[in-house]
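**Student:** This is the structure alone, sequence omitted:
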């Protein structure tokens, strides 16, 4: 039953690109015994095609484990055994030079993962989502070259402090677990682009999240968050922040320090607000330039201006249920902030099922 193919098409998502030389035996109702027989037949073929195989796709069969003969495939980089009844991954799997191991939607438990998995230093993608993991497999922490780690839809209650060891991670997917806190060491994953923590039991986040300067997507919906660290504003590259279904305090930067304006700014504001005329001949050049540098308040109900002293806030706009940060805006005073937040509260009361905007600060 040889299904060898050189086509690299695959309907499932792969963070690591699928090689060209693919053995695709997906959706064939194979059980583990039949798979072992077929692999043995392939390995005994004098043409030795098996030595060229770089990807083995076994998704949506009836497998409970992978035959140890898999170690004969010395060039295989990608193995996909998703949507089976896998209860164990054999140690022999770790003898393959894998870059991607996808075993999502199975029956794997924490002790079902090979102890020697940490020796597969070539592994860049590991997907164990949709299994029965109750604890974070410690051997994963040895995969220093891992870039994409998917552990969603399990039953894990905590993430180890040693998560910082996965310093190459770009995507960390932990949604759909039972996490109650995130260790501060997550802030040391300097290459992280996407952090998915949705559908857990989190009540807070460590302020070290602000150290993830490359972070673009932070998904936090369906948690118990009542506040967020104000340091999150420092994530200038953040383009996606999902907050729905949280008892989140809308103004989570309520304690932001606001220094009083200088006498110069107060006087300049009066001149601009009341449209008092001035010319470069009447005032010193530096004052003239200062007055011309006035910024107008973003609150549509305010006609005020500001120069150096301002109140920062971020506006979230609903987009298909996800909140995206468009810009950091500025208001002229804390009173404007209260007025804008009042407007936001009125809008939310009109539509409880869809927030129109959330203001911070």
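**Tutor:** Alright, I've got the coordinates. In this text the structure is predicted, and so the values were computed from the model without any measurement.
**Student:** How is the chain divided into domains?
**Tutor:** 4-242, 253-361 (automatic domain parsing).
**Student:** Any idea which of those domains has the lowest pLDDT on average?
**Tutor:** Comparing mean pLDDT over the domains of the chain, the weakest stretch is domain 253-361, at a mean of 65.
**Student:** ranges for the strands of the stretch 201-350 of the chain?
**Tutor:** 217-219, 240-242, 295-296, 305-306, 311-319, 322-324, 328-331 (DSSP state E, counting those that start in this stretch).
**Student:** got the residue ranges for the helices in the stretch 151-300 of the chain?
**Tutor:** 263-273, 285-292 (DSSP state H, counting those that start in this stretch).
**Student:** is it possible to export the ones you listed to a markdown table including mean neighbour count?
**Tutor:** Quick note: C-beta positions are derived from backbone N, CA and C, even for glycine. Output for those, formatted as a markdown table (neighbours: other Cβ atoms under 10 Å):
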| stretch | mean neighbour count |
| --- | --- |
| helix 263-273 | 15 |
| helix 285-292 | 13 |
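**Student:** Identify whichever of those helices lies nearest to residue 301.
**Tutor:** Of all those, it is helix 263-273 that lies closest to residue 301, at 14.4 Å by Cβ to Cβ.
**Student:** Please tabulate the helices of the stretch 151-300 of the chain in TSV, including the columns distance to residue 69.
**Tutor:** Below are these laid out as TSV (distance: least, Cβ to Cβ, whole Å):
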stretch	distance to residue 69
helix 263-273	77
helix 285-292	78
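**Student:** Please identify which of those helices is closest to residue 153.
**Tutor:** The nearest among the helices of the stretch 151-300 of the chain, by Cβ to Cβ, is helix 263-273 at 53.6 Å.
**Student:** distance between the closest one and the chain's centre?
**Tutor:** 45 Å (Cα atoms, centre = their mean, to the nearest Å).
**Student:** same question, stretch 39-57
**Tutor:** On Cα atoms, centre = their mean, the centre of stretch 39-57 falls 37 Å from the chain's centre.
**Student:** quick one: terminal-to-terminal distance for it?
**Tutor:** Terminal residues of stretch 39-57 lie 13 Å apart, using Cα to Cα, to the nearest Å.
**Student:** I am finished for the moment; much appreciated.
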